[in-house]
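**Student:** Quick one: sequence plus predicted model below, questions after.
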Amino acid sequence: MATNRERWQEAFDSSKLRDTPYETMSGIPLDPVYGPDDGEFPGQYPYTRGPYASMYRSKLWTMRMFAGFGTADDTNWRFKEIIKSGGTGLSTAFDMPTLLGIDSDDPMALGEVGRCGVAVDTLADMADLYRDIDLGEITTSMTINSPAAVIFAMFVAQAEQAGIARERLGGTLQNDILKEYQAQKEFVFPPRQSMRLVRDTIAFTAAEMPRWHSISISGYHIREAGSTAAEELAFTLANGFAYVELAKEAGLAVDSFAPRLSFFFNAHIDFFEEIAKYRAARRIWARWLKERYGAENERSMQLRFHTQTAGVSLTAQQPEVNIVRTAIEALAGVLGGTQSLHTNSMDEALALPTEKAARIALRTQQVIAHETNVAHVADPLGGSDYVEALTDEMERRAEALFAELDEMGDGSMLEGAIRGIEENWFQGKIADSAFELERKLNKGERITVGVNGFTDGNDDDQLELLKITNEDEQRQRKRLDVVRQDRDSDAVAAALARVKTEAADPEVNLMPALIDAVKTYATLGEIMHALEDEFGRHVEVPTI
């Protein structure tokens, strides 16, 4: 009977490797993995040590830099600068009106257009956003949730207008609505109606877009809201299980969609805890998908994830120190086996990043990839007593939280997740953890450099910041006005009526109607209002 090492060697030998010397700077040869012959190896169930046998020897993680500001033209320019600087994937940040599904000329959008991301109102903006970028070659991520199905419809439509077929498009739609109610709060419709839209995107991409990840199940925002690492792990995976059950209830076989589910984790500052979190996440996901949900395809069990360094760890004081924080956090993501990575810029506690700050953030990844040699060996910290103990404890704590949700949902993680939102279970736990961390900071039990310790230098000259002006907002409003004047109003009205009619029938997949609607240049806000007429609007009951 073959040993684990022999099985791993066979898989490794079939991998296509990068052409680079795998040795230390002193010339010491490095094996691709270390460990006993009968131990676990990368690419082997339950994938604690990584989803692939060769890990970064075959392919470095995607350096997916998050960008978006002002108008679509502004962000298109930044995207091209990222690609020119060596970025290998794009990640789109949308402004607050877009995230909430309202148009730039809505009174509620005043003062927010283009401020925290790019403004997208119509298909015309989406076409400008990705103009002259080959979306058949470079993968794209879009950080959008409540209006995700509508924005995705615009993305598909503009790609087809550019001559790129759906099946060639590769990338990720965040589309994780559960964490919006739990942490980020950018919700529009009630949870159960929002889950219908998630279901429709999962089914649509499973049928028509084999390279597309229809949902990025996101712990990042849960952690940014104040959760512990263990809660981030547990809540993220619990949401993932809920989406699996949602798709299965819709009649999809688990292996038809699970390989295209991806995850998005925070890389926080507690270095070893973060690495243990990623290792535990892979192990738990593999076991649950196989044992509870009956997955047979290995790719269904292989948790793959994007990482972003912790925005909440950045400080406005001594912002250059944020480069140090980001480097440490990025290294944790790499040593934990991430598949793609975004590194925050040093000025993001103050404003959207400047071109220079974004370049430094990308160069941080490139130094890790090409100078440190850490990518030469898979799971280099695996086998450490410390890391293995932390991994086991992370798993134990997550399973305890799963048990609570399972009981809350009467054996359904989908129902448990929704009831947990409706009963403020998630929100309460995150709030308690955030309060406890703040208490420790206020008492000096934890030190943040420049905030409650080592404050010498706080009064130094600050950085030059990127400024979004009122003129930028007016440009976007004028752009929208021109689109409204040039479109066929009757076609828009008919498309919106179809969206409303089909939204009333839960058996219909809404994606074809949404794609047809955006092609008439119906606006994001108009389509969201049509859906709201049927779905209603969610109002959160505050946690007391």
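**Tutor:** That came through fine.
**Student:** List the strands paired with the helix or strand bottoming out on mean pLDDT in the chain, with their directions.
**Tutor:** Using mean pLDDT, DSSP states H and E, the weakest-scoring helix or strand in the chain turns out to be strand 62-67, at a mean of 88. Sheet partners assigned to strand 62-67 using DSSP bridges are listed as strand 89-93 (parallel), strand 340-342 (parallel).
**Student:** pLDDT on stretch 220-232, on average?
**Tutor:** The pLDDT scores in stretch 220-232 average 98.
**Student:** Run the chain-centre distance for it.
**Tutor:** 14 Å (C-alpha atoms, centre = their mean, to the nearest Å).
**Student:** Also stretch 440-447?
**Tutor:** Using C-alpha atoms, centre = their mean, the offset of stretch 440-447 from its chain centre is 30 Å.
**Student:** what's the span of that stretch from first residue to last?
**Tutor:** One end of stretch 440-447 to the other measures 9 Å (C-alpha to C-alpha, to the nearest Å).
**Student:** ok, now stretch 107-127?
**Tutor:** Chord length of stretch 107-127, first to last residue, is 25 Å (C-alpha to C-alpha).
**Student:** what comes up buried for it?
**Tutor:** 109, 112-127 (16 or more other C-beta atoms under 10 Å). Every residue, glycine included, has its C-beta placed from N, CA and C.
**Student:** So which of the residues you listed belong to helices?
**Tutor:** Among the buried residues of stretch 107-127, DSSP state H puts 123-127 in helices.
**Student:** hmm, back to that, which residues does the least confident helix or strand of the chain contact?
**Tutor:** 75, 78-79, 82, 86-93, 139, 141, 143, 306, 308, 339-343, 358, 361-362, 365-366, 369 (C-beta atoms under 8 Å, 6 or more residues apart in numbering).
**Student:** Could you pull out the helices in the stretch 201-350 of the chain for me?
**Tutor:** Using DSSP state H, counting those that start in this stretch, the helices found in the stretch 201-350 of the chain span residues 220-224, 229-249, 254-257, 271-291, 298-301, 321-335.
**Student:** Ignore what I typed, I meant the stretch 51-200 of the chain.
**Tutor:** Counting by DSSP H, counting those that start in this stretch, the helices of the stretch 51-200 of the chain are 72-84, 96-99, 123-129, 148-161, 178-179, 191-208.
**Student:** Show me the residue sitting in the middle of the protein in space.
**Tutor:** residue 264 (4.1 Å; C-alpha atoms, centre = their mean).
**Student:** unless I'm mixing things up, that residue is touching residue 219, no?
**Tutor:** Yes - taking contacts as C-beta atoms under 8 Å, residue 264 lies within contact range of residue 219: 6.7 Å.
**Student:** Which neighbouring elements make contact with the helix or strand containing residue 367?
**Tutor:** Taking DSSP states H and E as the criterion, residue 367 maps to helix 355-370. If you count contacts as 3 or more C-beta pairs under 8 Å, 6 or more residues apart in numbering; DSSP states H and E, helix 355-370 packs onto strand 62-67, helix 72-84, helix 321-335.
**Student:** Distance to residue 149 and mean neighbour count for the ones you listed - can I get that in TSV?
**Tutor:** Formatted as TSV, the helices and strands packed on helix 355-370 follow (distance: least, C-beta to C-beta, whole Å; neighbours: other C-beta atoms under 10 Å):
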stretch	distance to residue 149	mean neighbour count
strand 62-67	21	24
helix 72-84	20	19
helix 321-335	29	22
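**Student:** mind listing what residue 122 touches?
**Tutor:** 154, 480, 483, 518, 521-524.
**Student:** Can you check what pLDDT the model gives it?
**Tutor:** With respect to pLDDT, residue 122 has a value of 98.
**Student:** who touches stretch 477-485?
**Tutor:** 71, 103-105, 113, 121-122, 124-125, 521, 523.
**Student:** which of these sit farthest apart?
**Tutor:** Farthest-apart pair in the contacts of stretch 477-485 is 113 and 521; separation 18.5 Å (C-beta to C-beta).
**Student:** I'd say residue 405 and residue 239 touch.
**Tutor:** No - using C-beta under 8 Å, residue 405 makes no contact with residue 239, being 9.9 Å away.
**Student:** between these two, which one's more packed in?
**Tutor:** A side-by-side neighbour count of residue 405 and residue 239, using other C-beta atoms under 10 Å, places residue 239 first with 27 against 24.
**Student:** what about the longest helix in the chain?
**Tutor:** helix 385-408.
**Student:** Okay, buried residues for it please.
**Tutor:** 387, 390-391, 394-395, 397-398, 401-402, 405-406, 408.
**Student:** Please identify which pair of those residues lies farthest apart.
**Tutor:** 387 and 408 (32.0 Å).
**Student:** hmm, back to that, what sits against the residue nearest to the centre of the chain?
**Tutor:** 174, 176, 216-220, 305-308.
**Student:** Among the residues you listed, pick out the one closest to residue 455, please.
**Tutor:** residue 308 (27.3 Å).
**Student:** Give me the buried positions along stretch 201-211.
**Tutor:** 201-206, 209.
**Student:** For residue 475, state which of the residues you listed is nearest.
**Tutor:** Nearest to residue 475 among those, with distances taken as C-beta to C-beta, is residue 201, at 30.9 Å.
**Student:** isn't the closest one right next to residue 172, touching?
**Tutor:** No - between residue 201 and residue 172 there is no contact under C-beta under 8 Å: 11.4 Å.
**Student:** how close does the closest residue to the residue nearest to the centre of the chain other than its chain neighbours get to residue 289?
**Tutor:** Using C-beta to C-beta, 6 or more residues apart in numbering and skipping residues adjacent in sequence, the residue nearest residue 264 is residue 218, 4.2 Å away. Plainly put, residue 218 is 18 Å away from residue 289 if you go by C-beta to C-beta, to the nearest Å.
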